[in-house]
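> What follows is a protein structure lacking sequence information:
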């Protein structure tokens, strides 16, 4: 009988450690230098030990990268237009499917969705968000503090506080965000030009930022993180000059949750894979 054991190759396939990726962003930045506006849509992977209603180990994400974007305002405009345009297309092309969910799974979701579509999305800073949370009468499981990441309970509260209108939270502390986000050079607070879009029922739907296009800023950030060797190719994109650019990612399953009113992310994907569960 042949052995059922999987044979492990004597050498690594790529000769270097390789991992499934949570994002195609860095490679999109390469392409945006030639084609200005680029996007990708495909599976992404995250080894997060979470059994929550909004996390999967394998999910789909729409990512976009845009050259010559110089402000978060410009980036947020694209994000808001994407959400509203895609949603209106879904409503016009698949009315029966959407109505089925709204009638039997999420009563009232139709009105909430129309409310989101007809109002301009709001904008608050991370600092303002923390102050709102601190002044809330609600008791949170995680105490809101400046310099600490926002949790799902915080995100959902902020959306309700803003009248169930999607809200952009901008300018997060540098220490909370990855090396590639643009330094705001704003003194003691030291924030980066990052933005998350929070939506009713889900919390964070989009995440994005302006990218650090300045060579020496990026070089210093990589050196402090001990990542210079691994990301030398990324740093080289700026070596002979770059352009201001930015981008974002939107989780597709979370988007479906938002527009259909589905409470659990595992119910909007045919074969949900998460911690301790992998249906092959």
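That came in fine, so what should we check first? All values derive from a computational prediction rather than experimental measurement. Residues are numbered from 1 along each chain as shown.

> now the strands for this protein?
Under the criterion DSSP state E, the chain contains strands at 37-45, 58-67, 122-125, 167-173, 191-199, 203-210, 245-251.

> would a markdown table of those strands with mean pLDDT, mean neighbour count and distance to residue 133 be doable?
For every residue, glycine as well, the C-beta is placed using N, CA and C. Listed next are those as a markdown table, based on pLDDT from 0 to 100; neighbours: other Cβ atoms under 10 Å; distance: least, Cβ to Cβ, whole Å:
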| stretch | mean pLDDT | mean neighbour count | distance to residue 133 |
| --- | --- | --- | --- |
| strand 37-45 | 93 | 15 | 29 |
| strand 58-67 | 94 | 21 | 27 |
| strand 122-125 | 98 | 16 | 11 |
| strand 167-173 | 98 | 22 | 11 |
| strand 191-199 | 98 | 24 | 12 |
| strand 203-210 | 97 | 23 | 13 |
| strand 245-251 | 97 | 24 | 23 |
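
> Tell me which of these sits nearest to residue 27.
The closest of those to residue 27 is strand 37-45. By Cβ to Cβ, the value is 8.3 Å.

> Which residues does the closest one contact?
20-24, 28, 31-32, 57-67, 252 (Cβ atoms under 8 Å, 6 or more residues apart in numbering).

> can we see that at 6 Å?
The contact list for strand 37-45, computed with Cβ atoms under 6 Å, 6 or more residues apart in numbering, reads 20, 22, 24, 28, 31-32, 58, 60-66.

> In the protein, where is pLDDT below threshold?
Applying pLDDT under 70 to the chain flags residues 1-10, 50-51, 280.

> remind me, longest helix of it?
As assigned by DSSP state H, the longest helix anywhere in the chain is helix 72-93.

> the inter-axis angle of that one versus strand 37-45?
With axes from the mean of the first three to the mean of the last three Cα atoms, to 10 degrees applied, the angle from helix 72-93 to strand 37-45 works out at 70 degrees.

> Mind listing what's buried along helix 72-93?
72, 75, 76, 78, 79, 80, 82, 83, 87, 90, 91 (16 or more other Cβ atoms under 10 Å).

> Over to stretch 106-126?
Those would be 106, 109, 110, 112, 113, 116, 121, 122, 123, 124, 126, for stretch 106-126 by 16+ other Cβ under 10 Å.
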